[in-house]
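**Student:** show me the folded form of this:
(chains A and B)
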Amino acid sequence: MTGAARLPASARAILDGDRRALARAISEAEDDRPGAAAVARALYPRTGRVPIVGITGPLGVGKSSLINLLVNRLRELDRTVGIIAVDPSSPYTGGSVLGDRIRFERSATDAGVFFRSMASRGEAGGVAAATREAARLMEAAGFDVILVETVGSGQVDIAIRNIATSSVVVLVPHLGDEVQTLKAGLFEIADVFCVNKADLPGADLARRDLRELVGLGGRPGGWSAPVVATSTQPPSGIEELWNAVDAHEQFLDKSGQREVDERRRLSVEIVERVRAEVGRALAERLERDPVLKDLLDRVVARSIDPRTAADRLARPVARGR
Amino acid sequence: MPPHEKDAPIRVLIAKPGLDGHDRGAKVVARALRDAGMEVIYAGLRQTPEEIVRAALEEDVDLIGLSILSGAHMALFPKVLQLLKREHAGDIPVFAGGIIPDEDARRLRKAGIRAIFGPGSSLEEIVSTARKLARTAQ
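**Tutor:** Numbering: from 1, shown residues only, chains lettered A, B, ... in the order given. Here you go, the predicted model:
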């Protein structure tokens, strides 16, 4: 391979399956350390081929336990799995307790699984800023399927949609009546619905409400999200759950929707990065650069309004429209 | 650049090797470390040394804290240290807490456990030691 010689050593180690190199590269991406960009650049051409499956849903619906069982199922199918489990960071101290590993019961010697806990570090939307990069690193390291467990989600925590190729929305019985399912947000992003704790009373009603919702249509490309009932104690429905995800992945290939989705996700990623970078630079320059400082002074003096000032600053980019 | 030159949080694994089911101490420490701004990977009860080392590597932690009340510390702690060395991760500092007699504590320190906290240790002491260990690592 002629290209391999130009790879940074850490990128090569990841490709060679060095687990500690992978773990360190994920940390570097999380901390946004200088080496992270070079590794990301080197490995990017080798990514974008495996399913990235988001597991999302409110706090306490059983996402971690489901993932534990899904991993077992995937190993039965002889597929290797990378798992990224995101938990919230404290907005007060930045600290975090990452507890998703507790539910994880793989044998300590199975090299076909890599589990990484990740703190959200102030990122809203249910994932961390580095989640996407971590998924790419795991793919480069050779894992066949990446599972991403989001923070326990509220109604609008749908950032997983910008990372995952398939999103599983996990719910439990008695979360609300059928009108809840009509509301915007979380319910809109499901490629697969999972009613977990299906042994509890009310599960049938929850499934019926969701089926009705799906029956109303409205998803692009003609996919209608299946509703799968699962239980983790004792395990049931796990095979069906994976089959439903797999069916969605096959649909993406057959319908051409995969390219459409991927293009949208990458566009979002670029815009997010530009927004973050330009925002950071601008915030600094507004106080330092005399021209920008003058603009801010005029807004403070109420002689122009914030929108006019923003339009003026954004003009060089916006004009290209 | 060494870790934590910037504001990157310290990552610490808290695990309970062995078979006792008393995890209150481990939880109190996990929470104190969280409140000190650290990212605490809480692996929970009944972890084998192999699982602990694997978690430490995958999570790329700066520090490992082990809690034990069962009395099996002389078997399990050295095993964790030994496995870390075997994985070329002997640089990750390990501290411990639990019911550990003084004589055992001496021997464990000699074996490479960097700090040992018995009953009555203050959380401030644990947090500041943990921070020091993580920052001097590597």
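
**Student:** helix or strand: which one has the spatially closest residue to A:Lys293 that is not a sequence neighbour?
**Tutor:** Leaving aside its sequence neighbours, A:Lys293 sits nearest to A:Glu287 (C-beta to C-beta, 6 or more residues apart in numbering or on different chains; 6.2 Å). No exception for glycine: its C-beta is placed from N, CA and C like everyone else's. Taking DSSP states H and E as the definition, A:Glu287 sits inside helix A:257-288.

**Student:** tell me which residues in that helix are buried?
**Tutor:** A:257-258, A:261, A:265 (16 or more other C-beta atoms under 10 Å in any protein chain shown).

**Student:** what residue lies at the spatial centre of chain B?
**Tutor:** Nearest to the geometric centre of chain B sits B:Gly65, at 1.3 Å (C-alpha atoms, centre = their mean).

**Student:** what pairs with the helix or strand harbouring that one, parallel or antiparallel?
**Tutor:** Element membership for B:Gly65 (DSSP H and E) is strand B:63-68. Sheet pairing of strand B:63-68 (DSSP bridges) gives strand B:11-17 (parallel), strand B:94-98 (parallel).

**Student:** which residues of the stretch 151-300 of chain A score low on pLDDT?
**Tutor:** A:178, A:218, A:220 (pLDDT under 70).

**Student:** and the helices in it?
**Tutor:** A:203-215, A:238-255, A:257-288, A:290-300 (DSSP state H, counting those that start in this stretch).

**Student:** in the helix or strand just after the shortest one, what's buried?
**Tutor:** Of the helices and strands lying after helix A:290-300 in sequence (DSSP H and E), the nearest is helix A:306-318. Across helix A:306-318, burial judged by 16+ other C-beta under 10 Å covers A:309, A:313.

**Student:** surely A:Val260 is in contact with A:Asp253?
**Tutor:** No: using C-beta atoms under 8 Å, A:Val260 makes no contact with A:Asp253, being 12.0 Å away.

**Student:** thinking again about what came up before, got the angle for the helix holding A:Glu287 vs helix A:306-318?
**Tutor:** On the basis of axes from the mean of the first three to the mean of the last three C-alpha atoms, to 10 degrees, helix A:257-288 is oriented at 120 degrees to helix A:306-318.

**Student:** any idea of the angle helix A:257-288 forms with helix A:290-300?
**Tutor:** Using the same axes, to 10 degrees: helix A:257-288 against helix A:290-300 is 90 degrees.

**Student:** same for helix A:257-288, what does it pack against?
**Tutor:** helix A:238-255, helix A:290-300 (3 or more C-beta pairs under 8 Å, 6 or more residues apart in numbering or on different chains; DSSP states H and E).

**Student:** save those as a markdown table, and put in mean neighbour count too.
**Tutor:** Output for the helices and strands packed on helix A:257-288, formatted as a markdown table (neighbours: other C-beta atoms under 10 Å in any protein chain shown):
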| stretch | mean neighbour count |
| --- | --- |
| helix A:238-255 | 17 |
| helix A:290-300 | 12 |
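
**Student:** including distance to A:Val214, could those helices go into CSV?
**Tutor:** Below are these laid out as CSV (distance: least, C-beta to C-beta, whole Å):
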stretch, distance to A:Val214
helix A:238-255, 12
helix A:290-300, 48
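
**Student:** among these, which is nearest A:Leu70?
**Tutor:** Closest of those to A:Leu70 is helix A:238-255, at 6.1 Å (criterion: C-beta to C-beta).

**Student:** show me the contact partners of that closest one.
**Tutor:** If you take C-beta atoms under 8 Å, 6 or more residues apart in numbering or on different chains as the criterion, helix A:238-255 is touched by A:51, A:53, A:66, A:69-70, A:72-74, A:77, A:165-166, A:168, A:191-192, A:194, A:221-223, A:226, A:228-230, A:257-258, A:261.

**Student:** same deal with stretch B:109-126?
**Tutor:** B:28-29, B:32-33, B:77-78, B:81, B:90, B:93-100, B:105, B:108, B:129, B:133.

**Student:** mark which of those residues are buried, thanks.
**Tutor:** B:29, B:32-33, B:77-78, B:81, B:93-98, B:100, B:105, B:108, B:129, B:133.

**Student:** roughly how far does A:Ala159 sit from A:Arg265?
**Tutor:** According to C-beta to C-beta, to the nearest Å, A:Ala159 and A:Arg265 sit 11 Å apart.

**Student:** typo on my end, B:Arg107
**Tutor:** Taken as C-beta to C-beta, the span from B:Arg107 to A:Arg265 is 55 Å.

**Student:** count of neighbours near A:Asp209?
**Tutor:** 22 (other C-beta atoms under 10 Å in any protein chain shown).

**Student:** isn't it up against A:Leu182?
**Tutor:** No: the criterion here is C-beta under 8 Å, and A:Asp209 misses it with A:Leu182 at 9.7 Å.

**Student:** contacts for the strand ranked longest in chain B next, please.
**Tutor:** What stands out as the longest strand in chain B, according to DSSP state E, is strand B:39-47. With contact meaning C-beta under 8 Å, 6+ apart, strand B:39-47 is reached by A:89, A:95-99, A:101-102, A:117, A:119, B:9-19, B:21, B:23, B:26-27, B:30, B:33-34, B:51-52, B:55, B:59, B:61.

**Student:** distance check, A:Arg298 against chain B.
**Tutor:** A:Arg298 sits 34 Å away from chain B, taking C-beta to the nearest C-beta, to the nearest Å as the criterion.

**Student:** how many residues are close by the nearest residue to that residue once chain neighbours are set aside?
**Tutor:** Spatial nearest neighbour of A:Arg298, chain neighbours left out: A:Ile304 (5.0 Å); criterion: C-beta to C-beta, 6+ apart. For A:Ile304, the neighbour count with other C-beta under 10 Å is 13.

**Student:** got a list of what residue 131 touches?
**Tutor:** No chain was given, so I picked chain A. A:84, A:86, A:118, A:148, A:163.

**Student:** let me rephrase: I mean chain B.
**Tutor:** B:10, B:36, B:38.

**Student:** appreciated, that's everything.
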